[in-house]
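Student: can't give you the sequence, but here's the structure:
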DNA sequence: CCATATATTCTCAAGGTGAGCATAAGAGGG
DNA sequence: CCCTCTTATGCTCACCTTGAGAATATATGG
């Protein structure tokens, strides 16, 4: 028979508290953080989702609500233990949305020291709510420029420039909030994140990307970091390839916001329209036009007013709304308004 | 250690020939067809995509181009062999797009008798190009109506009616071409497809769907077919849960058409705009407005004219176009125009 | 009452979409 | 050569959505 295979289940668990998107992580070896994860038990676990939920509960005490499968990663040596005789590990990544509750640390919990981190600490270039992030000008753009120039011949240089411009909105190209994974993988390839320097694999697993061929999920990580450039300093790292999973999840979530009413998984049952907007903005990493946002949400039939008003906030009090769960069963069930992304690439 | 796990790789391989979407299948035991598939070899296969490509090549001789991961299914007893002591099998499904070439059957090929089937033979209710399919009026609507009425109390009946109406565009609801998987799973649940009767599982694997909770991929197949209704007659069946994979792939493909230029993977390098339109229509299962389709494709910058014209087709000859591969590297890289789906639910 | 702060409503221009008319350019029959 | 049929291509127009911002409403604190 063939060699043993192990299935690892990973959860990217996102909440939004105080207008900040947060990631549930656990302390791994050393000081680095890791996503909650654990192996599938082929005999005990009836479904993948149940197994994932059990691991998350055991490691963090958090109960998952909305869960969505993201991607299955299966490249050899993705898990470094494979190099030292460990089994081949396939990793199935999930995105989960929860309302953040204080982590009950008490009890004789054998929890792995869970913490809520800030998503944008790990991917600081993704937060454009206060305008173009400084790290883009100061660090990323110059480093990418050096990388582009060292491309070799004319064709290679121009291909590099195109990628850098389109993914990071440089050279006049517009910023596309959903290309989170593209951006992270480019930074990895260029050697600008810590993960690049972790493992120089003996053979490159990067499939020769045929020009013009659409490769949806390059699934080619860890590839061969060119071992040039910096020593990896952009953003906080996570264990293994977990930061890539976070990037994948954030991109998926940003896309989903537009066509499914998923934000409400993150909100309290009653909320003001501004709170709703701030939550969307936190995830999208963008500021939205307030009046137009209201218009979309209201005439989209996504919410209904409860007669109640919010207590004093120093201005006119806002009405509290609730999510109309009916829309899930209705005609369109669209998402909440996101701008500019008419035909997102 | 835990029990052995096997990884099965399945490919839903789609081509469009003569304006008909086609599915590459192989003859399985008996007369049923199956998707090309094979197990991952943990020692040999470096990546999942390479392993998949190798299996498809071995079983059909077809070389894959565009490949996209769809979903990983891991419910216990999804593979009936697990009941008789077989290992737990996880199934990773892929969508692949190819240009159909005649299947070279000669040579000492150990190919598993590959054939190109018609997608809509398996999912006949999905083809609306000649108007609302007759099978909907004649078979599906009445059967769903019986199912709705047998729902029990008022709440259950109304929940059933909503699902039936929204998924199948009954009772005045609009048809949503992307809900292919929803529709197939409803037919399965109601017992209208052959697969429903194959295995009555000892325990229901269907997770109790909390009302209002968004379950993206119910991954709950095989659940407990209510063992009522017909004996399964709608459309041609496929082996195991392969027809569900096809449904999943078709839904994903229809969605993708709108925002990524994937159609061109299915076309010859040079094509007329009508050929392009017919290919999109074949996949979308809809007729499109000719002039508007041209407008979108052309001003979207997706194609460029080669000066050449097509030979005599009984009318004014059409110009031949080619795909502008540049757009993949460009601003938006949107898809080809699909109507009515402004905010697809 | 005033300034300030936030909420809510309304208007308007620009651009995209759905539908259909009009014209161009081939083939074939008389 | 003219007429008809067929398909391709170009253009118009009404309607809707979107982006942007002005104007108005209702609270709090002096």
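Tutor: Yes, it's here. Since the model is a prediction, treat every value here as computed from it, not as a measurement.
Student: mind listing the helices for chain A?
Tutor: In chain A, the helices defined using DSSP state H lie at A:48-60, A:119-122, A:134-135, A:141-149, A:154-168, A:180-190, A:242-259, A:273-284, A:290-299.
Student: how about those helices in TSV, adding distance to residue A:72, mean pLDDT and mean neighbour count?
Tutor: C-beta here means a position set from N, CA and C on the backbone, and glycine is covered the same way. As requested, the helices of chain A are exported to TSV (distance: least, CB to CB, whole Å; pLDDT from 0 to 100; neighbours: other CB atoms under 10 Å in any protein chain shown):
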stretch	distance to residue A:72	mean pLDDT	mean neighbour count
helix A:48-60	10	96	21
helix A:119-122	22	98	21
helix A:134-135	31	96	12
helix A:141-149	30	97	16
helix A:154-168	24	91	17
helix A:180-190	15	96	23
helix A:242-259	11	95	23
helix A:273-284	24	96	21
helix A:290-299	34	93	14
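Student: who in the stretch 51-200 of chain A is up against chain B?
Tutor: Within the stretch 51-200 of chain A, the positions adjacent to chain B are A:65-69, A:71-72, A:74-76, A:87-88, A:90, A:92, A:159, A:162-163, A:166, A:173-174 by CB under 8 Å from any CB of the partner chain.
Student: quick check: residue A:179 vs residue A:44, distance?
Tutor: Per CB to CB, to the nearest Å, residue A:179 is found 39 Å from residue A:44.
Student: do residue A:147 as well
Tutor: Taking CB to CB, one finds residue A:147 at 47 Å from residue A:44.
Student: again with residue A:281
Tutor: Using CB to CB, residue A:281 is found at 42 Å from residue A:44.
Student: give the buried subset of the residues of the stretch 51-200 of chain A next to chain B as a PyMOL selection command.
Tutor: The command below creates a PyMOL selection of those among those that count as buried (16 or more other CB atoms under 10 Å in any protein chain shown):
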select buried, chain A and resi 66+67+68+69+71+72+74+75+76+87+88+90+92+162+163+166
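Student: using a markdown table, please lay out the helices of chain A together with distance to residue B:254.
Tutor: Output for these, formatted as a markdown table (distance: least, CB to CB, whole Å):
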| stretch | distance to residue B:254 |
| --- | --- |
| helix A:48-60 | 25 |
| helix A:119-122 | 31 |
| helix A:134-135 | 39 |
| helix A:141-149 | 36 |
| helix A:154-168 | 26 |
| helix A:180-190 | 23 |
| helix A:242-259 | 13 |
| helix A:273-284 | 25 |
| helix A:290-299 | 25 |
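Student: closest approach to DNA strand C from the stretch 51-200 of chain A, which residue is it?
Tutor: Proximity of the stretch 51-200 of chain A to DNA strand C (CB to the nearest atom of the strand) peaks at residue A:174, 13.2 Å away.
Student: for that residue, report the pLDDT, please.
Tutor: You'll see residue A:174 listed with a pLDDT of 85.
Student: distance check, the residue of chain A found nearest DNA strand C against residue A:261.
Tutor: The nearest approach of chain A to DNA strand C comes at residue A:315, 2.2 Å away (CB to the nearest atom of the strand). Remark: distance between residue A:315 and residue A:261 (CB to CB) = 27 Å.
Student: ok, the two, which is more surrounded?
Tutor: Shown here are residue A:315 and residue A:261; by other CB atoms under 10 Å in any protein chain shown, residue A:261 has more neighbours (23 against 6).
Student: near residue A:192, how many other residues are there?
Tutor: Per other CB under 10 Å, the neighbour tally for residue A:192 reads 24.
Student: for the one 3 residues further on, same thing?
Tutor: When neighbours are defined as other CB under 10 Å, residue A:195 has 23 of them.
Student: what comes up buried for stretch A:305-321?
Tutor: Buried positions in stretch A:305-321, judged by neighbour count with 16+ other CB under 10 Å: A:320, A:321.
Student: residue contacts, the nearest residue to residue A:298 once chain neighbours are set aside?
Tutor: Among residues not flanking residue A:298 along the chain, residue A:273 sits closest, at 7.9 Å (CB to CB, 6 or more residues apart in numbering or on different chains). Listed by CB atoms under 8 Å, 6 or more residues apart in numbering or on different chains, the contact partners of residue A:273 are A:293, A:294, A:297, A:298, A:303, A:318, A:319, A:321.
Student: the residues of the stretch 51-200 of chain A next to chain B also near DNA strand D: which ones?
Tutor: Checking those against DNA strand D by CB under 7 Å from any atom of the strand, not one of them is in range.
Student: what does the stretch 201-345 of chain A put close to DNA strand C?
Tutor: Near DNA strand C, when you scan the stretch 201-345 of chain A using CB under 7 Å from any atom of the strand, you find A:272-274, A:290-291, A:294-295, A:313-319, A:342-343.
Student: make it 10 Å
Tutor: Contacts of the stretch 201-345 of chain A with DNA strand C, taken as CB under 10 Å from any atom of the strand, map to A:272-275, A:277-278, A:289-295, A:298, A:305, A:309-310, A:313-321, A:342-343.
Student: between residue A:179 and residue A:44, which one's more packed in?
Tutor: Counted by other CB under 10 Å, residue A:179 and residue A:44 do not tie: residue A:179 has more neighbours, with 22 against 12.
Student: ok now do the more buried one, which residues does it touch?
Tutor: For residue A:179, the contacting residues are A:166, A:167, A:251, by CB under 8 Å, 6+ apart.
Student: which residues in the stretch 201-345 of chain A form strands?
Tutor: For the stretch 201-345 of chain A, strands defined by DSSP state E, counting those that start in this stretch occupy the ranges A:270-271, A:303-309, A:319-323.
Student: leaving out chain neighbours, which residue sits closest to residue A:180?
Tutor: Leaving aside its sequence neighbours, residue A:180 sits nearest to residue A:251 (CB to CB, 6+ apart; 3.7 Å).
Student: ok, back up a step: dump the contacts of residue A:179 to TSV, plus distance to residue A:285.
Tutor: Formatted as TSV, those follow (distance: CB to CB, whole Å):
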residue	distance to residue A:285
A:166	17
A:167	15
A:251	11
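Student: how much does the lengthiest strand in chain A deviate in direction from helix A:273-284?
Tutor: Taking DSSP state E as the assignment, the strand of chain A that covers the most residues is strand A:5-17. With axes from the mean of the first three to the mean of the last three CA atoms, to 10 degrees applied, the angle from strand A:5-17 to helix A:273-284 works out at 140 degrees.
Student: helices or strands up against strand A:5-17?
Tutor: Strand A:5-17 sits against strand A:20-27, strand A:37-39, helix A:48-60, strand A:88-97, helix A:242-259, helix A:273-284, strand B:5-17, with contacts defined as 3 or more CB pairs under 8 Å, 6 or more residues apart in numbering or on different chains; DSSP states H and E.
Student: make a markdown table from these and add distance to residue A:136 to it.
Tutor: Below are the helices and strands packed on strand A:5-17 laid out as a markdown table (distance: least, CB to CB, whole Å):
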| stretch | distance to residue A:136 |
| --- | --- |
| strand A:20-27 | 19 |
| strand A:37-39 | 31 |
| helix A:48-60 | 33 |
| strand A:88-97 | 25 |
| helix A:242-259 | 16 |
| helix A:273-284 | 17 |
| strand B:5-17 | 39 |
